[in-house]
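K.L.:
just need the structure, nothing else, for what follows:
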Amino acid sequence: MKIKNGFTLIELLAIIVILAIIAVITVPIINDMLSDARKGTIKNSAYGYKRGIENFTYDQSFDDSDYELDNKRYISQELKNLGVKISGNEPDNNSWVDIVDNEIIDGCLQFGNYMVYVGYDYVGDVSKGECDTVGEWSPTVFPIVSRTVGDTTYYDTSWIKSHPIYYNPVTNSKCSLSDSTSAFGISSGCMKWYAYSETNGRVNMLLDHNITNEEWNTSNNQSEPSALLSALDESTSDWSNRLVRHDSYEVDWTYGGNNYSYSIDYSGKKARLISAEEIAAATENSLWSKDGEGYYFGSMASGDEAGYYYQNASQQSRQESFSWLFNNMHECDSYGCDNAQEDVVAYWTSTPKADTENEVWCVCNGGCLDTDLSNVSYIGIRPVISVSKSTVY
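P.N.:
Residues are numbered from 1 along each chain as shown. Next up is the predicted model:
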């Protein structure tokens with residue numbers, strides 16, 4: 001009887017194949033686990049770096065109430081030399097942060113082959129790559145401030161109109177007037193924007209034209225406008241990840257004895273809708289309420305008799321100063337805007353009208369905030385983005 005020792009060639013090949021299959025399955029999983037652990041460590045270090053700068057400025061201002069870091073871009077070594085102490089791993093020397101009024105408004109931290117963007121109130125996702133060129137930055141443009149509401153500072157409307165920003169959201173960079181396009185349906189490349197306010201070190205900018213037409217919802221204003229948000233996502237899909245948002249807009253009102261409450265979640269999106277509250281603040285109308293009447297920007301009153309043709313010279317001049325809010329709409333040049341354009345009569349805000357079930361506040365071509373708009377198919381999306389001050393100023 002023959003005793004079998006060892007394995008046959010076929011059996012060895014079978015074992016090798018099985019081991020290869022196991023390796024193919026497990027190695028990527030292990031690599032992903034190691035990568036996730038590495039990214040987690042880097043994100044914690046980024047938070048630690050932010051806290052280190054915040055603690056440093058707090059400690060310095062506690063000892064000297066007039067202490068302020070210069071408003072400029074700092075590389076990591078500069079902050080280390082100043083005495084900033086951090087917890088976690090120290091970022092590489094090509095890391096940088098922009099500081100305004102002792103707050104980080106923008107930055108990029110490099111950890112080996114990985115990078116992470118930081119800002120006033122966020123730490124972004126960790127990804128492989130290299131930070132932008134460090135370079136130099138200090139503010140060269142200083143907006144004229146009109147008023148402050150909560151955490152948001154609004155600019156003077158004459159300053160807004162006379163200082164348009166030419167900016168490419170795909171490359172997250174400024175561009176020139178000669179390269180820009182302002183036309184309905186254009187959503188990429190160099191475009192014209194109006195910087196109207198800033199919140200926590202980031203500038204809020206409104207595009208000067210609608211990028212698409214879309215209905216809010218089919219029947220009511222009592223839920224998130226999913227179709228509108230999908231159209232916004234589709235139109236901005238190729239925009240820079242530096243524009244990714246981390247906020248939401250809370251909707252809460254009562255109609256017919258019922259309370260309606262929901263959030264318009266902008267997390268992960270690269271743009272948002274302007275709110276009616278922002279329009280009222282920008283036009284300095286402290287009397288407007290979301291359950292009240294609409295108004296013309298010039299006369300600050302509602303009704304046809306308050307329209308542009310019925311306004312006196314002072315009111316017409318005022319309305320024209322707000323033309324940045326209603327440019328590039330149908331026959332808007334008859335109401336004080338600079339450029340008229342077909343196929344657009346209004347754009348949506350994010351604010352439903354309270355005490356109704358099917359009305360939403362819009363900015364109309366007549367230079368007004370209104371809800372009584374009959375032709376819904378010509379109401380569209382005019383996006384707002386929030387960018388670092390160091391990007392545009």
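K.L.:
what pLDDT, on average, does the host helix or strand of A195 get?
P.N.:
When elements are assigned from DSSP states H and E, A195 belongs to strand 191-199. Across strand 191-199, the average pLDDT comes to 94.
K.L.:
swap in stretch 299-319?
P.N.:
Summarised as a single mean, pLDDT over stretch 299-319 is 90.
K.L.:
neighbouring contacts of the helix or strand following the strand holding A195?
P.N.:
Using DSSP H and E, the helix or strand that follows strand 191-199 towards the C-terminus is strand 202-207. The set of residues that contact strand 202-207 without belonging to it, under Cβ atoms under 8 Å, 6 or more residues apart in numbering, is 105, 119-120, 152, 165, 167, 191-198, 274, 278, 324-325, 382-389, 391-393. The C-beta positions use only the backbone N, C-alpha and C, and glycine is treated the same way.
K.L.:
packing partners for the following helix or strand past strand 202-207?
P.N.:
Read in the C-terminal direction, the helix or strand following strand 202-207 is strand 212-213, with elements assigned using DSSP H and E. Contact here means 3 or more Cβ pairs under 8 Å, 6 or more residues apart in numbering; DSSP states H and E; on that basis strand 212-213 packs against strand 379-381.
K.L.:
partner strands of the strand it packs on, parallel or antiparallel?
P.N.:
Under the criterion DSSP bridges, strand 379-381 sits next to strand 212-213 (antiparallel), strand 346-352 (parallel) in its sheet.
K.L.:
for the nearest residue to I86 once chain neighbours are set aside, give me the pLDDT.
P.N.:
If you skip the residues right next to it in sequence, I86 has G52 as its closest partner in space, 3.7 Å away by Cβ to Cβ, 6 or more residues apart in numbering. Among the per-residue scores, G52 holds a pLDDT of 88.
K.L.:
can you check W324 too?
P.N.:
For W324, the pLDDT comes out at 96.
K.L.:
residues near it, how many?
P.N.:
Residues near W324, counting by other Cβ atoms under 10 Å, number 22.
K.L.:
can you tell me the SS state at T171?
P.N.:
With DSSP: H, G, I helix; E, B strand; the rest coil as the basis, the three-state label of T171 is coil.
K.L.:
that one against D238, yeah?
P.N.:
No - assessed by Cβ atoms under 8 Å, T171 is found out of contact with D238, at 10.2 Å.
K.L.:
settle it for me: which of the two has more neighbours?
P.N.:
Comparing T171 with D238 by neighbour count (other Cβ under 10 Å), the higher total belongs to T171, at 14 against 11.
K.L.:
could you find the closest non-adjacent residue to G298?
P.N.:
By the measure of Cβ to Cβ, 6+ apart, the closest residue to G298 outside its immediate chain neighbours is Q319, 2.9 Å from it.
K.L.:
quick check, the one you found in a helix?
P.N.:
Yes - Q319 forms part of a helix when assessed by three-state DSSP.
K.L.:
verify the contact between it and S334 for me.
P.N.:
No - applying Cβ under 8 Å as the test, Q319 and S334 come out as separate, 11.5 Å apart.
K.L.:
neighbour count winner among the two?
P.N.:
More crowded of Q319 and S334, by other Cβ under 10 Å: Q319, with 26 against 14.
K.L.:
pretty sure S223 is in contact with Y262, am I right?
P.N.:
Yes - applying Cβ under 8 Å as the test, S223 and Y262 come out as touching, 6.0 Å apart.
K.L.:
double-check that N93 belongs to a helix.
P.N.:
No - remark: N93 does not belong to a helix; assigned using three-state DSSP, it is coil.
K.L.:
quick one: it from I53, how far?
P.N.:
N93 sits 16 Å away from I53, taking Cβ to Cβ, to the nearest Å as the criterion.
K.L.:
one more: S146?
P.N.:
If you measure S146 against I53 using Cβ to Cβ, the figure is 30 Å.
K.L.:
elements contacting the longest helix along the chain?
P.N.:
Ranked by number of residues, the top helix in the chain under DSSP state H is helix 9-63. If you count contacts as 3+ Cβ pairs under 8 Å, 6+ apart, helix 9-63 packs onto helix 76-82, strand 103-111, strand 114-118.
K.L.:
list the buried ones in the first one?
P.N.:
Neighbour counts over helix 76-82 (16 or more other Cβ atoms under 10 Å) mark 76, 79-80 as buried.
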